[in-house]
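J.: Just a sequence and a predicted model for now, questions to come.
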Amino acid sequence: MRRAIFPGSFDPLTLGHHDIILRGITLFDELIIAIGVNAEKKYMFSLEERTRFISEAFKDEPKIKVVTYKGLTIDFCKEVEAHFILRGLRNPGDFEFEKAIAHTNRELSEIETVFLLTSSGKSFISSSIVRDVIRNGGDYTGLVPKTVRVQ
Ligand code: ADP
């Protein structure tokens, strides 16, 4: 069983994440979307909302599970017996940041990080830009899956 986790904050899920997830499941038998819980961080959407946006977006895809986790991502991988971490790359900034994390994770464990390049046309999308558009009353609906809606 090739099981991977796709960790992130997903505050909220965007079309960029959606694209990486749909392409990622073709590589693995199971993909666990793991929403990291960091007590120090302030989120726009609650954990319940973030979970619901993702679960509803992928409700017809049996290979995808949605969970929340605390602590080190590699510890969570061991707990659920996942040997791979999936991450998306948008730009050189992502690459530098992700490279350091992937090297650290390899130093601490056997877990491999698999990177997918963002699809063209989606590299500009980030959760922080979506949050900014929402905060300022803009139309965010072209940047996120249909399941992401502000109440
Ligand atoms: P984190 O706080 O861990 O960066 P995010 O929810 O922002 O969590 O991102 C989770 C993953 O999704 C990261 O690997 C990030 O690079 C990737 N990602 C986010 N937006 C995009 C996008 N537009 N295209 C490709 N990958 C993306």
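T.: Thanks, I have it. Numbering: from 1, shown residues only.

J.: tell me what the longest helix anywhere in the chain is packed against?
T.: Ranked by residue count, the top helix of the chain under DSSP state H comes out as helix 92-108. Helix 92-108 sits against helix 73-80, strand 84-89, strand 112-117, with contacts defined as 3 or more Cβ pairs under 8 Å, 6 or more residues apart in numbering; DSSP states H and E. All C-beta atoms are positioned from the backbone trio N, CA, C, and that covers glycine.

J.: Sheet partners, orientation included, of the second one?
T.: Next to strand 84-89 in the sheet, as set by DSSP bridges, lie strand 3-8 (parallel), strand 112-117 (parallel).

J.: Out of the helices and strands packed on helix 92-108, which gets nearest to Gly16?
T.: strand 84-89 (6.6 Å; Cβ to Cβ).

J.: Run the angle between the helix or strand hosting Leu22 and strand 112-117 for me.
T.: Taking DSSP states H and E as the definition, Leu22 sits inside helix 15-24. On the basis of axes from the mean of the first three to the mean of the last three Cα atoms, to 10 degrees, helix 15-24 is oriented at 120 degrees to strand 112-117.
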